[in-house]
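Asker: Structure of the sequence below:
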Amino acid sequence: SKGTNFSITPTWRKSLSEQYRLNISYRVSANKQEQSRNVFDRDMVTGEATIFNDALSNDFKTDNTQQRPSVGLSYNKDKTRWEVTAGLLYQTLNTENIALDSSFDRSFSNPYIRAYLSKQYGKFGRIYFNYSNNINVPSTNQLQPVEDRTNPQNIVTGNPDLKATNTHNLYLNFNNYNWEEGKGIYSGAGFTYTDNQVVGITTTDDDLVRNTTYTNVNGTYNGYLYSGYSMQFKKDKREIDVSLGLDANLSLNKGFTNAIAFETTNVNLSPNLSVEYSIDDIFELETEYNIGFNSSKFSLESIGDQKFTNHTASIDLTTFWPQNLIMGLRGEYNVFGNVTEEFDNDSFVLIGSLGYKFAKDKAIVKLKAYDILNQVIDTRRTISQDFISDSSSLVLRQYFMLSFTYKFSKFGGKDPNRGN
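Answerer: Sure thing, here's the model as predicted:
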């Protein structure tokens, strides 16, 4: 296979005023692909592979041309910036399959928009919004209206009536973190909605031969939300840090399993809390707790709906006394509420370390013990669009590691921490 790509984007910009600017561009791109597959059967008389196999061979060429004119208007004043760009995406796809003596042409025309807004307020506050839509044209294999038998166990036939996938993306971010005082809030959310998503339809006959084609589905989406708040208290050498967080996900997927249409809805909600207390040059203590609520609903009658909760709690202790001696201990307890009784669903992992600094704190020798109680497990449940599986894998468990680290402050006779 070989390919050639070319693109050019002439752009014209014009300042309409001190705050406004006009942008006009015209992007042209071309992609040419040539792909061939030659399969030969063995001649039983001569013993050499000289008989050309038409069914398993392939030879096609594809020309993909895209034109994208666009007009944009931007604004920038004080602490406010925004820009809106609109255009048209026109794409042509020409394919010639020489081996199968077939060809087809398709063209796609779709509008697209890009927009964003950014605004700062106060000393630390900022809000940001972005919208865009992406156009993805189906591949040649998905469009080619002929049987592809290069894999005799999976015969693929394209669908020339496929539409281009149109994905709408929204993103919002809010941040007001005071780094001077060590407290503030941040939050963000994103949502993606897709029309004409290309999915495969596969059926398996009595001989276990699969036949695959493609179609479009509408209305799939994926959304997420994250938020956090942190605060810090200091007095003399003592410091307390508290953080609250929340992560959430929502998705709807559509597809086909053995030609039967299905929908799968997933919802995940995960709040977390962490508290850290420290005294300079003495110790640091950090605790964290995370709980995850999960729910999955399937339209397929053969798969029951799933609801489960996972828990993770951990504690970290690091001491810096006596001087030059660093000791660390971490304990982590996990409970997986989504696996069957045949698998271990909880574990307590204990990790310890002992280090010594010398040579004016440039050298450190450290002994680390991982999984002291020998309880690490790799148990997990995988929930896809149309199946659920529980698995347990072999993982590296209890081990000890000795390390030595030395910090060089000069290279080539020059201290990199000093200026020229």
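Asker: Could you use CA atoms for every contact and neighbour count after this?
Answerer: Fine.
Asker: Am I right that Asn133 is in a strand?
Answerer: Yes. Using DSSP: H, G, I helix; E, B strand; the rest coil, the assignment for Asn133 is a strand.
Asker: residues near it, how many?
Answerer: Neighbour count for Asn133, taken as other CA atoms under 10 Å: 18.
Asker: Tell me what it is bridged to.
Answerer: For Asn133, the beta-bridge partners are His168 (DSSP bridges).
Asker: Kindly report the same for Tyr116.
Answerer: Beta-bridge pairing for Tyr116 (DSSP bridges): Glu83, Asn130.
Asker: ok, it - contacts?
Answerer: 82-84, 128-131 (CA atoms under 8 Å, 6 or more residues apart in numbering).
Asker: any chance of these in JSON lines, plus distance to Leu22 and neighbour count?
Answerer: As requested, the contacts of Tyr116 are exported to JSON lines (distance: CA to CA, whole Å; neighbours: other CA atoms under 10 Å):
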{"residue": "Trp82", "distance to Leu22": "12", "neighbour count": "18"}
{"residue": "Glu83", "distance to Leu22": "10", "neighbour count": "18"}
{"residue": "Val84", "distance to Leu22": "10", "neighbour count": "18"}
{"residue": "Tyr128", "distance to Leu22": "21", "neighbour count": "17"}
{"residue": "Phe129", "distance to Leu22": "20", "neighbour count": "18"}
{"residue": "Asn130", "distance to Leu22": "19", "neighbour count": "18"}
{"residue": "Tyr131", "distance to Leu22": "19", "neighbour count": "18"}
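Asker: Of all pairs in those, which one is the farthest apart?
Answerer: For the contacts of Tyr116, the maximum inter-member distance is 14.0 Å, found between Val84 and Tyr128 (CA to CA).
Asker: Looking at the contacts of Tyr116, which is nearest Met401?
Answerer: Checking the contacts of Tyr116 one by one against Met401 (CA to CA), the nearest turns out to be Tyr128, at 45.8 Å.
Asker: Could you say which helix or strand holds the closest one?
Answerer: Element membership for Tyr128 (DSSP states H and E) is strand 125-136.
Asker: Return the list of helices and strands in contact with that strand.
Answerer: strand 102-121, strand 165-178 (3 or more CA pairs under 8 Å, 6 or more residues apart in numbering; DSSP states H and E).
Asker: what's the angle from the longest one to strand 165-178?
Answerer: Taking axes from the mean of the first three to the mean of the last three CA atoms, to 10 degrees, one finds that strand 102-121 is oriented at 20 degrees with respect to strand 165-178.
Asker: Assign a three-state SS to the spatially closest residue to Thr95 that is not a sequence neighbour, would you?
Answerer: Residue nearest to Thr95 in three dimensions, not counting chain neighbours: Thr62, with 4.4 Å by CA to CA, 6 or more residues apart in numbering. Three-state call for Thr62 (three-state DSSP): strand.
Asker: Now do Thr62, the pLDDT please.
Answerer: The predicted structure scores Thr62 at 88 on the pLDDT scale.
Asker: quick revisit: so can I have a markdown table of the helices and strands packed on strand 125-136 showing mean pLDDT and distance to Gly331?
Answerer: A markdown table is the format used below for the helices and strands packed on strand 125-136 (pLDDT from 0 to 100; distance: least, CA to CA, whole Å):
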| stretch | mean pLDDT | distance to Gly331 |
| --- | --- | --- |
| strand 102-121 | 90 | 42 |
| strand 165-178 | 94 | 30 |
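Asker: Figure out which of the ones you listed is closest to Asp378.
Answerer: Closest to Asp378 of the helices and strands packed on strand 125-136, according to CA to CA: strand 165-178, at 34.3 Å.
Asker: Helices along this structure, start to end?
Answerer: All helices of the chain, identified by DSSP state H, fall at 140-143.
Asker: quick one: least confident helix or strand in it?
Answerer: strand 379-383 (a mean of 67; mean pLDDT, DSSP states H and E).
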